[in-house]
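Peer 1: coords below, sequence missing:
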């Protein structure tokens, strides 16, 4: 499956952004999806994950209550709605897909190219 992440950009602290992840080349609903981020000088972090049908979600403590992951399998698109953004949310955000396995998913097979989110104070 090919993934294309979009929707990043500059935003002021307290603002909102919605990231999109468009999937092609395979049946999107066969994969669980995750959103990761990597800030300069830091390790890549899983921030959210969603199950095949969207009934189960996972959030890291750093984004819980502010970010919402969702998916539209009919449109082959996943989303990450981000609210109350903080400067520490500044990072490149990646979407990725995973087959069945542990929850939250740890092994991701396909990755999008990343979209940069810059939050200014």
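Peer 2: Great, that's in hand. All values derive from a computational prediction rather than experimental measurement.
Peer 1: what are the ranges of the strands in this structure?
Peer 2: Per DSSP state E, the chain carries strands over the ranges 2-6, 9-12, 17-24, 32-38, 45-50, 57-59, 67-72, 77-82, 91-98, 110-111, 115-120.
Peer 1: next, count neighbours for the nearest residue to residue 54 once chain neighbours are set aside.
Peer 2: Closest residue in space to residue 54, ignoring its immediate chain neighbours: residue 71 at 5.1 Å, by Cβ to Cβ, 6 or more residues apart in numbering. For every residue, glycine as well, the C-beta is placed using N, CA and C. Close neighbours of residue 71, defined as other Cβ atoms under 10 Å, add up to 23.
Peer 1: any chance of the strands of the chain in JSON lines with mean pLDDT as columns?
Peer 2: Output for the strands of the chain, formatted as JSON lines (pLDDT from 0 to 100):
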{"stretch": "strand 2-6", "mean pLDDT": "97"}
{"stretch": "strand 9-12", "mean pLDDT": "98"}
{"stretch": "strand 17-24", "mean pLDDT": "97"}
{"stretch": "strand 32-38", "mean pLDDT": "98"}
{"stretch": "strand 45-50", "mean pLDDT": "97"}
{"stretch": "strand 57-59", "mean pLDDT": "98"}
{"stretch": "strand 67-72", "mean pLDDT": "98"}
{"stretch": "strand 77-82", "mean pLDDT": "98"}
{"stretch": "strand 91-98", "mean pLDDT": "97"}
{"stretch": "strand 110-111", "mean pLDDT": "96"}
{"stretch": "strand 115-120", "mean pLDDT": "98"}
